[in-house]
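1. quick one, what's the 3D model for this:
(one chain, ligands or ions: 1)
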Amino acid sequence: MSIKFSCDRGAAWQESEHGDTLGMSEIRVAEAAVMAQDCRRVMKPRFEISVLEDRNGFRSALARWFVQHGKDYPWRRTRDPHEILISEVMLHQTQIATVLGKGYYQRFLAAFPELRSLAEADDAALLKAWEGLGYYRRARMLRETARAVLENHGGVFPQDVDLLMKLPGIGRYTAGALRAFAWNIPAVLVDGNVARVLARLLDISDPVDDTAGIQRIWNHAATLADHVRPQIYHAALMELGQVVCRPGVPDCLQCPVARFCRSDEPDRLPVKQRKIPITRVDEHALWMRDDQGRLLLHHEGGKRRTGLWKLPTREAAAISHLTVLAEHRYAITRYRVTLWVHDGSTLLPRFRPSGAESWQTPSGVPALAIAAPFRRVIEQLLENS
Ligand code: SF4
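-> From the prediction side, this is the model:
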């Protein structure tokens, strides 16, 4: 067969001697031919047939690739909906490498191995087990889900989509993920990876993140979903988006479903309408230790980090004249925060802690659930003191 590699400056052709797939030497020949034209765009094999016309061919190609190349994640070795739900919620805002590489998933499961232990967790234990992952509302929501399954379903997750979506924190993506990965039953699910792959496969140049665009992608996802092998199909599609059909420039030469892909310029897709502006923020905190060496900490009661500990913060005007002991930058959603930690020792003689502030011994700090950016500066300053 003949496969075309195209870019913004032209195209090259390469005959394959291996049927559907190109050997590495053939890929290199074609790459060299295209690169010789000073190509700047992604190279990809020629589109042959729409996924909508050959759904089974598409599903089979995807499944074959996944069986051979799919990664061995712990949540793929279990069928326990409790364990799968924890992985899905963690991965919602956090990379797989972080969740596994830093042991968050393993630690959380060790602390709450089944529904009841999670449902009965107190705030301190729950937040400590989640510490460092951020978006702490997710941990509380997981506990709410566990409680609802125990109270309303006798401790057994329902499999029905509508019943799943009535549980706290479970939307249509998570309901689909539970159905596919825990029970291997027909499901539809779209996350960012799936939306990107589908937008490229179908060459959708309309925004995928406005109401009509979201619905369009979900409709296509429903049409293409494999109801015979849901678990493999959905895991494969998501993984394709993570490792091959990546954001930016995809690796089309390694793509198992390239011949189904309509897009000529996949690096320009998906189109997104919403551009969320980045906001820069300064946060000013106090570093104060009393005459016994105890550290002043603040126990959060607000919306964002309820139950977590941090250094007490003040308005810039009140403390920005004090010596800066540490500066730490971090990002949260659309905010880029610079945390300035000021030496509050000169305030000590007249200082009275507020209701949420208390003196904590340094030896007790490791056991407290502390917001990650504050944990870093506290450990650094305690080490230096
Ligand atoms: S699905 Fe993605 S990786 Fe595969 S050919 Fe299309 S754009 Fe390239």
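2. every contact and neighbour count from this point should use C-alpha atoms.
-> OK.
3. what parts of this protein come near the ligand?
-> Counting by CA under 6 Å from any ligand atom, the chain comes close to the ligand at 44, 197, 200-201, 244-245, 250-252, 255, 257-258, 261, 266.
4. mind running it again at 5 Å?
-> Selection of the chain residues close to the ligand by CA under 5 Å from any ligand atom yields 245, 250, 252, 255, 258, 261, 266.
5. can you put those in a markdown table and add pLDDT?
-> What follows is those, written out as a markdown table (pLDDT from 0 to 100):
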| residue | pLDDT |
| --- | --- |
| Cys245 | 97 |
| Pro250 | 93 |
| Cys252 | 92 |
| Cys255 | 95 |
| Ala258 | 94 |
| Cys261 | 96 |
| Pro266 | 92 |
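6. just those: which are in strands?
-> Among the residues of the chain next to the ligand, no residue falls in strands (DSSP state E).
7. ChimeraX command for the buried members of those residues?
-> Listed next is the ChimeraX selection for buried residues among the residues of the chain next to the ligand, using 16 or more other CA atoms under 10 Å:
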select :245,250,252,255,258,261,266
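8. residues touching stretch 164-171, excluding its own?
-> 141-142, 144-145, 148-149, 157-158, 172, 175 (CA atoms under 8 Å, 6 or more residues apart in numbering).
9. out of those, which is nearest to Ala235?
-> Of all the contacts of stretch 164-171, Ala175 has the smallest distance to Ala235: 14.5 Å, by CA to CA.
10. helices or strands next to the host helix or strand of that closest one in the packing?
-> According to DSSP states H and E, Ala175 maps onto helix 172-183. For helix 172-183, the elements it packs on are helix 81-91, helix 161-166, helix 230-243, judged by 3 or more CA pairs under 8 Å, 6 or more residues apart in numbering; DSSP states H and E.
11. in a markdown table: these, plus distance to Thr306, mean neighbour count and mean pLDDT.
-> Listed next are the helices and strands packed on helix 172-183 as a markdown table, based on distance: least, CA to CA, whole Å; neighbours: other CA atoms under 10 Å; pLDDT from 0 to 100:
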| stretch | distance to Thr306 | mean neighbour count | mean pLDDT |
| --- | --- | --- | --- |
| helix 81-91 | 18 | 20 | 97 |
| helix 161-166 | 25 | 16 | 97 |
| helix 230-243 | 33 | 21 | 97 |
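12. so which of these is nearest Val67?
-> That would be helix 230-243 among the helices and strands packed on helix 172-183, by CA to CA, at 8.0 Å.
13. which SSE is immediately downstream of the closest one?
-> Downstream of helix 230-243, the next assigned helix or strand under DSSP H and E is strand 279-287.
14. export that following strand as CSV, just CAs?
-> Output of strand 279-287 as CSV, limited to C-alpha atoms (Å, rounded to 0.1, in the frame of the first residue of the first chain):
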residue,chain,number,x,y,z
THR,A,279,-3.9,36.0,37.2
ARG,A,280,-0.8,36.8,39.2
VAL,A,281,-1.3,37.0,43.0
ASP,A,282,1.0,37.8,45.9
GLU,A,283,0.4,36.1,49.3
HIS,A,284,2.1,37.3,52.4
ALA,A,285,2.7,35.0,55.4
LEU,A,286,4.3,35.4,58.8
TRP,A,287,7.0,33.2,60.2
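15. picking up where we left off before, make a markdown table out of the helices and strands packed on helix 172-183 and add distance to Pro113.
-> Putting these into a markdown table (distance: least, CA to CA, whole Å) gives the following:
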| stretch | distance to Pro113 |
| --- | --- |
| helix 81-91 | 8 |
| helix 161-166 | 21 |
| helix 230-243 | 23 |
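16. whichever residue of the stretch 1-150 of the chain sits closest to the ligand: neighbour count?
-> Across the stretch 1-150 of the chain, the shortest distance to the ligand (CA to the nearest ligand atom) belongs to Lys44, at 5.9 Å. A total of 26 residues lie near Lys44 under the criterion other CA atoms under 10 Å.
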